[in-house]
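Participant: How does the following fold in three dimensions:
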Amino acid sequence: AGNPEPDLWIIQPQELVLATTGDTVSLNCTVLGDGPSGPKRWFRGAGLSWEAIYNFEGISHPNMTAARASSRDFSILLQGASAERAGTYYCVKFQRKLNRQHLSGPGTRLRVKANRTSPQETEFTNEHVDRLFPSDLLSVFTLVVLGLKTMTLAALLLALAAYWRRRQQEDIKTPGPAGLGPP
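Facilitator: Numbers count the residues shown, from 1 in each chain. Got it, this is the predicted structure:
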């Protein structure tokens, strides 16, 4: 969308936010650098199915408020998380002159789980495909490596124990030198 200037960054530090139905969720966005004048807005969805969620010029969905801590902070609070509000949220910088998207953040995925007191313990999401995030992949990789190391060590110890046992049995059965023993 346009030619973003190299000195403008939109930082959305959360790849994934997990919430329970009814929670208040903070979606963080920091805009650093300069770019064309224009508003910052939040959208949910992807491609052509973007839904406008929050506009810092006053237009927003119900239960959405700005949580700005500084002039560079464009974070929002979503009150009353629900399965219907799950999805990927994007913080976007627009060009005022052309009223078009200038630069978008990488997105924050919101997953909403049913209340623990409900009979259903299922996790709801509006997205059909789960993707592994780098941190999840690293955790899985670490567990696999540790598991392989443990299995290798256990196999080595079993082999060593079998070797010692066989050697002890051979030492007991083997006669002295040159087959000479006591008369």
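Participant: list the buried ones in stretch 71-84?
Facilitator: Under the neighbour-count criterion of 16 or more other Cβ atoms under 10 Å, stretch 71-84 has Phe74, Ser75, Ile76, Leu78, Ala81 buried. Just so you know, the C-beta spots here come from the backbone N, C-alpha and C atoms, and that holds for glycine as well.
Participant: quick one: which two of those are the most distant?
Facilitator: The most widely separated members of the buried residues of stretch 71-84, counting by Cβ to Cβ, are Phe74 and Ala81 (19.6 Å).
Participant: Keep only those of the buried residues of stretch 71-84 that are in strands.
Facilitator: Ile76, Leu78 (DSSP state E).
Participant: Between the buried residues of stretch 71-84, which sits nearest Gly22?
Facilitator: Nearest to Gly22, judged by Cβ to Cβ, of the buried residues of stretch 71-84 is Ala81 at 6.5 Å.
Participant: In contact with that closest one, which residues?
Facilitator: Ala19, Thr20, Thr21, Gly22, Asp23, Thr24, Val25, Leu110, Val112 (Cβ atoms under 8 Å, 6 or more residues apart in numbering).
Participant: May I see those organised as a markdown table, with distance to Thr150 added?
Facilitator: Shown next, in a markdown table, are the contacts of Ala81 (distance: Cβ to Cβ, whole Å):
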| residue | distance to Thr150 |
| --- | --- |
| Ala19 | 35 |
| Thr20 | 35 |
| Thr21 | 39 |
| Gly22 | 41 |
| Asp23 | 38 |
| Thr24 | 42 |
| Val25 | 38 |
| Leu110 | 37 |
| Val112 | 36 |
